[in-house]
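Chemist: Next comes the sequence, and after it the predicted model I'd like to discuss.
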Amino acid sequence: MTNVELTPSSSFNIHKVSKGFGRLQAEIMDAVRRAGQVSANRLAWEVAEKLGHIQRSSVNHPLPSGGLRASFYTSFRRSITLLIGDRKTIKALPRKLQSMDQVVDLYPFMTRDLRIKELRHRLLPHAREYLRTQTSKYNLEENELYLEQRAPEADRASWRTGWLTLEARLCVALANVPSSGLEPWIAILARGREVFVRNWSRYTPNTTSRFRYDGALGELLTAVMANPGGHPRSDAALPGDLLTFYQQCFPDSAVRHVALKSQLHGIWENPALGASRLAVTFKNYLLSVESALVSSLPGHVAGSGEHRLFSRGFPRKPTFDGLLDQLFARDLYRAFEFLSIV
């Protein structure tokens, strides 16, 4: 399910729309006008609730069962497509989530299943609190290498050329830098080579450079920008050009998205083969903060002795319901689609 955000035009008048606009399209645009800015996934659930298109089932389950009716969702997506294409009243912008606040706010609606939606509403705030106390699995230094490695071949070749041009300027400029101020610039040279001038191909795991520096290039560049007294006098524009180049290769939005992935990898096991699942330590945390919900899921089997200091025999670990693993899925990492008025 695609996440969409609509922004109304101040001059939009729903009464000027052609006669065939339809009730569903009218509901969408009316909601846009009232809210000012609205996520289409959230809007799909709100409009479905208003028009009676959420199918609910009576089952013995702690979470409400059912979901969006397939016919409604098809019509809803067709209406959005109509607004983008034929009517050209809105335009689409893909954007990836960049923080846990966005995950808590937007991700529950990225499903047509009512149980999963409610599960995420209940548990994602706890995931956010848990991650605030945890260290990310990967740091900025590792994330830079990941971003470079995942970029298209053409981009990587262009970045290499651009970096070598800046590197040549930096080597010339260093002749006018006092020896006491050389260290941060030498670090930038070494780290820049490691990030942008690496041996890599699709057929070999060799992603190392002959150069190595323990530190992230973004942090090194930010540090030298904060110290104007240490800038090379012969090329005053160079520090700014280096930082601009870095931000063009690794925009803040991309850096934040990968940082979010690094956080989530600490609680989400993502094997190369097989289904992804939540780490057991995180499931135990959810059990401790939402015991009533987690323990009442049909597939949950309570453990024995897991909370006691001493117990006879071997304690049995709890077995968690498979629905718990639906808290996160790979679609969390995809680009969500946002819309705005043309």
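Modeler: Yes, it's here. Numbers count the residues shown, from 1 in each chain.

Chemist: Which secondary structure elements does the one helix or strand residue 30 maps to sit against?
Modeler: If you go by DSSP states H and E, residue 30 is part of helix 23-35. For helix 23-35, the elements it packs on are helix 40-51, helix 70-84, judged by 3 or more Cβ pairs under 8 Å, 6 or more residues apart in numbering; DSSP states H and E. Heads up, the C-betas are built off the backbone N, CA and C, glycines and all.

Chemist: Now it: buried residues?
Modeler: 24, 25, 27, 28, 29, 31, 32, 33 (16 or more other Cβ atoms under 10 Å).

Chemist: any idea how far the spatially closest residue to the second one that is not a sequence neighbour is from residue 212?
Modeler: With sequence-adjacent residues excluded and distances taken as Cβ to Cβ, 6 or more residues apart in numbering, residue 25 is closest to residue 79, at 4.9 Å. Distance, residue 79 to residue 212, by Cβ to Cβ, to the nearest Å: 54 Å.

Chemist: Please compare those two by neighbour count and tell me which comes out ahead.
Modeler: Neighbours of residue 79 and residue 212, each counted by other Cβ atoms under 10 Å, are more numerous for residue 79; the result is 23 against 10.

Chemist: So if we follow the domain assignment, how does this protein break up?
Modeler: Under automatic domain parsing, the residue ranges defining each domain of the chain are 5-134+333-341, 140-257, 272-325.

Chemist: Ok, which of these comes nearest residue 264?
Modeler: When the domains of the chain are compared by Cβ to Cβ, domain 5-134+333-341 sits nearest residue 264, at 7.8 Å.

Chemist: next one: the closest one to chain centre, how far?
Modeler: Its chain's C-alpha centre lies 18 Å from the corresponding centre of domain 5-134+333-341 when counted by Cα atoms, centre = their mean, to the nearest Å.

Chemist: pLDDT of that domain, averaged?
Modeler: Domain 5-134+333-341 shows a mean pLDDT of 83 in the predicted model.

Chemist: that older thread, give me whichever of the helices and strands packed on helix 23-35 is most buried.
Modeler: Ranked by mean neighbour count under mean count of other Cβ atoms under 10 Å, the helices and strands packed on helix 23-35 are led by helix 40-51, which reaches a mean of 19.

Chemist: Following element in sequence after it, please.
Modeler: Per DSSP H and E, helix 40-51 leads on to strand 54-57 as the next helix or strand towards the C-terminus.

Chemist: helices or strands up against that following strand?
Modeler: Other helices and strands packing on strand 54-57, by 3+ Cβ pairs under 8 Å, 6+ apart, are strand 65-68.

Chemist: Can you give the contact residues for the strand it packs on?
Modeler: 44-45, 48, 53-59, 111-115 (Cβ atoms under 8 Å, 6 or more residues apart in numbering).

Chemist: Just the buried ones from those residues, in ChimeraX syntax?
Modeler: Only the buried entries of the contacts of strand 65-68 go into this ChimeraX selection, using 16+ other Cβ under 10 Å:
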select :44,45,48,53,54,111,112,113,114,115
